[in-house]
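J.: sequence? don't have it. structure:
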């Protein structure tokens, strides 16, 4: 399988998510993010553990995805670590924008306000 040229971006709050979780739960987080980037370059958005978040409303036109099986090497649970990665895939520019990184014990679902802040289209 060949890797596609994908640009990676992140929203402002994403870095804070990563810093917080890398200190408390996953010391290898930054390396693990590089691994998931490689996987996403090969399979976007068909990555086996990725699901599209469909119920965001009509004003969010960019597809938003959740990676539910994120492997953290520092935790010996394999891909069942409990981490969740939320991202947008903008096909026209081949860009993945990381929106949120969280652990399911701390937050049950994705931060919808953050998704709307960056990806909700303005009403005319």
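T.: In hand now; what should we look at? The structure presented is a predicted model; accordingly, all values stated were derived computationally and were not measured.
J.: name the helix or strand of the chain that has the lowest mean pLDDT.
T.: Lowest mean confidence among the helices and strands of the chain (mean pLDDT, DSSP states H and E): helix 29-42, at a mean of 80.
J.: list the buried residues for whichever helix or strand comes after it?
T.: Per DSSP states H and E, the first helix or strand lying C-terminal to helix 29-42 is strand 50-52. Residues of strand 50-52 classed as buried: residue 50 (neighbour count, 16 or more other CB atoms under 10 Å). Placement of C-beta: from N, CA and C, glycine included.
J.: for the protein, which segments count as strands?
T.: With DSSP state E as the criterion, the chain has strands at 7-10, 50-52, 64-67, 83-90, 95-103.
J.: thinking again about what came up before, so the least confident helix or strand of the chain versus strand 83-90, what angle?
T.: Relative orientation of helix 29-42 versus strand 83-90 (axes from the mean of the first three to the mean of the last three CA atoms, to 10 degrees): 40 degrees.
J.: what are the buried residues along helix 29-42?
T.: In helix 29-42, counting by 16+ other CB under 10 Å, buried: 29, 32, 33, 36, 39, 40, 41.
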